[in-house]
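*Asks:* okay, sequence plus prediction incoming.
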Amino acid sequence: MKIAIPSEDDKGLESMVSMHFGHAQYYTFVDVEKDNYTAKVVKIPFAEHGPGDLPNFVKENGGDMVVAYGMGGRAIDFFNEMGIEVVTGVSGKIDTVIKQIIKGEVKRNPDWEEGGDFHRHEH
């Protein structure tokens, strides 16, 4: 499985999950096989993005799942239509998040939408 995580910087597993996937300049793509995983950082190839651009970017890079803190409903729909699983409400260091996913114990904030502008996000 390849997990795509919007990252605050280009430090890979040492990066923090970006608080809003649409504002990240980097994605960390993590290949997970059982308990083993490797990461690759990819810089977003466009400065501005429109509807569907980031889901297409994740798909083109082989992502099966996207893990983010905040994401708008429209983006979630695009990912779902492409067969990419979406997990929201996740924050912290990417290495820690991957270990939690492998154990099936990912920590999520179910109220992440309460504190952001995710319903009003426009392009």
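*Replies:* Okay, I see it.

*Asks:* and the pLDDT at H123?
*Replies:* Predicted confidence (pLDDT) for H123: 36.

*Asks:* typo on my end, it should be D117
*Replies:* pLDDT, D117: 48.

*Asks:* ditto for P110
*Replies:* 71.

*Asks:* do P55 as well
*Replies:* We have a pLDDT of 92 for P55.

*Asks:* could you find the closest non-adjacent residue to it?
*Replies:* Distance criterion Cβ to Cβ, 6 or more residues apart in numbering; nearest residue to P55, sequence neighbours excluded, is F78 at 4.0 Å. Every C-beta, even on glycine, is put in place using the N, C-alpha and C of the backbone.

*Asks:* how many other residues sit next to the one you found?
*Replies:* 21 (other Cβ atoms under 10 Å).

*Asks:* ok so it is a helix residue?
*Replies:* Yes. Residue state for F78 (DSSP: H, G, I helix; E, B strand; the rest coil) corresponds to a helix.

*Asks:* measure it to K107 for me?
*Replies:* 25 Å (Cβ to Cβ, to the nearest Å).

*Asks:* contacting residues for the residue nearest to P55?
*Replies:* Going by Cβ atoms under 8 Å, 6 or more residues apart in numbering, F78 touches 51-52, 55.

*Asks:* looking at those residues, which is nearest V41?
*Replies:* Within the contacts of F78, proximity to V41 (Cβ to Cβ) peaks at P55, which comes in at 18.8 Å.

*Asks:* am I right that the closest one is in contact with M82?
*Replies:* Yes. P55 is within contact range of M82, at 5.7 Å (criterion: Cβ atoms under 8 Å).

*Asks:* these two touch, right, L54 and G72?
*Replies:* No. Counting by Cβ under 8 Å, L54 sits too far from G72 to count as a contact (10.6 Å).

*Asks:* now for these two: what residues contact both?
*Replies:* G22.

*Asks:* quick check: the residue nearest to P55 vs G72, distance?
*Replies:* 10 Å.

*Asks:* what do you get for Y26?
*Replies:* 20 Å.

*Asks:* also D95?
*Replies:* 27 Å.
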